[in-house]
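Peer 1: sequence and predicted structure are below.
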Amino acid sequence: MNRGYVLRRGFYAFITFLIVLVLNFAIPRVMPGSPVQYFANPRILPSLEAKLLTERFGLDKPIWTQFLLYLVGVFHWPPDLGVSYTFYPAPVWTVIMTYLPWTLLLVGTATVATAVIGIVIGILIGSKQGSKTDTVVTSASLFLWTMPFFWLGTILLWLFSIYFHVFPAGGAASPFLSKMPLLDQIGNIAEHAFLPGLTLTLAAFAGYSLMMRNTLVEELTQDYVTVAVAKGLSHRAVLFKHAARNAMLPMITLIGLNLGYVVSGALLVEVVFSYPGVGYLTYQAVLAHDYPLLQGLFFVLSMAVIIANFFADIIYSLVDPRVK
């Protein structure tokens, strides 16, 4: 591995991290409205209550003081991201860690399934370019890709939960989950996660399959494939050991970025299915103008994307020695 390449990518990641810190602090504060307006009751001494809330949330401090306190908290472990306004007095880090496992379970599983299905389908249709299979599968993939997540989720929710009553309509588990046997707990969690996971998979696998198909079609026209065929290698050996292997290179970057976005959850899908993940938590934080919680969510998401992108670059350099 080229040590200079790794150091450069690490330096770029650090610069990106610093820029994210500044934007993460600034963006929630340029949003219209104020958390004080959300929590204050206009019928009970509104001016006094607004003043007390402003002091309690620390919004009466100068903006630079707020920024310095924010930086000190970020570089502490575990990160001291302040206290959530919505879940007061719970620390932001505690709130996020409560919701994050459900998102990792749902979106993480869906992302892995999407990548595997997309790559397999991409190899299938890419090796049969121009055939009926290629036309039908590509058209179906494009059709699913154009569907909004919330629309597809709503259709599946109505069909399998409201009409046929096959799967639960919302939530991540039953209220009495802790009293069930272990296998029943696993089954119950899987039942609640199936529809939102299916929504994510159906709406996103086309991105993988179409990229894999197009890259594979291009690789099959390369000279090294012609040489491999001339040597008498079988079609399967040429396809999987040569063309598909090189076609996987762009997929590494795509998979790495999508794995980074796993921690952000799927906001629209989680809202539709009332799934208590990070995406649904973000929706609540936006409605409440919860600055500390929004900053904490964006910080965790940004770090996940930066780290995933960094490791994707490293893996890319290991797979393809030509990358410097």
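Peer 2: Okay, I see it.
Peer 1: buried sites along stretch 134-153?
Peer 2: Residues 134, 137, 138, 141, 144, 149, 150, 152, 153 are the ones in stretch 134-153 that count as buried (16 or more other Cβ atoms under 10 Å). Just so you know, the C-beta spots here come from the backbone N, C-alpha and C atoms, and that holds for glycine as well.
Peer 1: enumerate every residue touching the second one.
Peer 2: Contact criterion Cβ atoms under 8 Å, 6 or more residues apart in numbering gives 121, 124, 125, 209 as the residues in contact with residue 137.
Peer 1: could you do residue 132 as well?
Peer 2: Contacts of residue 132 (Cβ under 8 Å, 6+ apart): none.
Peer 1: low-confidence ranges in this protein?
Peer 2: Counting by pLDDT under 70, the chain shows low-confidence ranges at 1, 31-50, 52-58, 260-265, 320-324.
Peer 1: scan the protein for its longest helix.
Peer 2: Longest helix in the chain, counting residues (DSSP state H): helix 182-219.
Peer 1: what about residue 21, how many neighbours?
Peer 2: If you count neighbours by other Cβ atoms under 10 Å, residue 21 ends up with 19.
Peer 1: the residue nearest to it when sequence neighbours are not counted: neighbour count?
Peer 2: If you skip the residues right next to it in sequence, residue 21 has residue 74 as its closest partner in space, 6.5 Å away by Cβ to Cβ, 6 or more residues apart in numbering. Counted with other Cβ under 10 Å, the burial measure for residue 74 works out to 19 neighbours.
Peer 1: now residue 103
Peer 2: Each residue near residue 103 was counted by other Cβ under 10 Å, and the total is 24.
Peer 1: now do residue 183
Peer 2: When neighbours are counted by other Cβ under 10 Å, residue 183 registers 8.
Peer 1: tell me how far it lies from residue 289.
Peer 2: 43 Å (Cβ to Cβ, to the nearest Å).
Peer 1: can you pull out the helices in the stretch 51-200 of the chain?
Peer 2: When secondary structure is read from DSSP state H, counting those that start in this stretch, the stretch 51-200 of the chain shows helices at 63-74, 92-103, 109-126, 132-145, 149-157, 182-219.
Peer 1: looking at the ones you listed, spot the one closest to residue 240.
Peer 2: Each of those has some distance to residue 240 by Cβ to Cβ; the shortest is helix 109-126, at 7.9 Å.
Peer 1: just the angle between the closest one and helix 132-145, please?
Peer 2: Using axes from the mean of the first three to the mean of the last three Cα atoms, to 10 degrees, one finds that helix 109-126 and helix 132-145 are set 150 degrees apart in direction.
Peer 1: what about the closest residue to residue 306 other than its chain neighbours, which helix or strand?
Peer 2: With Cβ to Cβ, 6+ apart as the criterion, residue 306 has its nearest non-adjacent residue at 5.2 Å, and that residue is residue 13. Using DSSP states H and E, the secondary-structure element containing residue 13 is helix 3-29.
Peer 1: which residue is the nearest non-sequential neighbour of residue 180?
Peer 2: With Cβ to Cβ, 6+ apart as the measure, residue 188 is the residue that lies nearest to residue 180, at 6.4 Å, once sequence neighbours are left out.
Peer 1: no wait, residue 168
Peer 2: Closest to residue 168 by Cβ to Cβ, 6+ apart is residue 192, at 5.1 Å.
Peer 1: ditto for residue 63
Peer 2: If the residues on either side of it in the chain are set aside, residue 63 comes closest to residue 29, at 7.7 Å by Cβ to Cβ, 6+ apart.
Peer 1: was I right about the one you found contacting residue 291?
Peer 2: Yes. Look at residue 29 against residue 291 with Cβ atoms under 8 Å: they come within range, at 6.7 Å.
Peer 1: so those two - more neighbours on which side?
Peer 2: A side-by-side neighbour count of residue 29 and residue 291, using other Cβ under 10 Å, places residue 291 first with 25 against 15.
Peer 1: where's residue 109 relative to residue 190, distance?
Peer 2: Taken as Cβ to Cβ, the span from residue 109 to residue 190 is 10 Å.
Peer 1: separation between the nearest residue to residue 125 once chain neighbours are set aside and residue 123?
Peer 2: Leaving aside its sequence neighbours, residue 125 sits nearest to residue 134 (Cβ to Cβ, 6+ apart; 4.5 Å). Note on residue 134: its distance to residue 123, by Cβ to Cβ, is 12 Å.
Peer 1: what touches both of those two?
Peer 2: Common neighbours of residue 134 and residue 123 (Cβ under 8 Å, 6+ apart) are residue 213.
Peer 1: mind listing what's buried along the longest helix of the chain?
Peer 2: Applying a neighbour-count criterion of 16+ other Cβ under 10 Å, one finds 188-189, 192-217, 219 buried in helix 182-219.
Peer 1: any idea which helix or strand comes after that helix?
Peer 2: Stepping forward along the backbone from helix 182-219, the first helix or strand reached (DSSP H and E) is helix 223-230.
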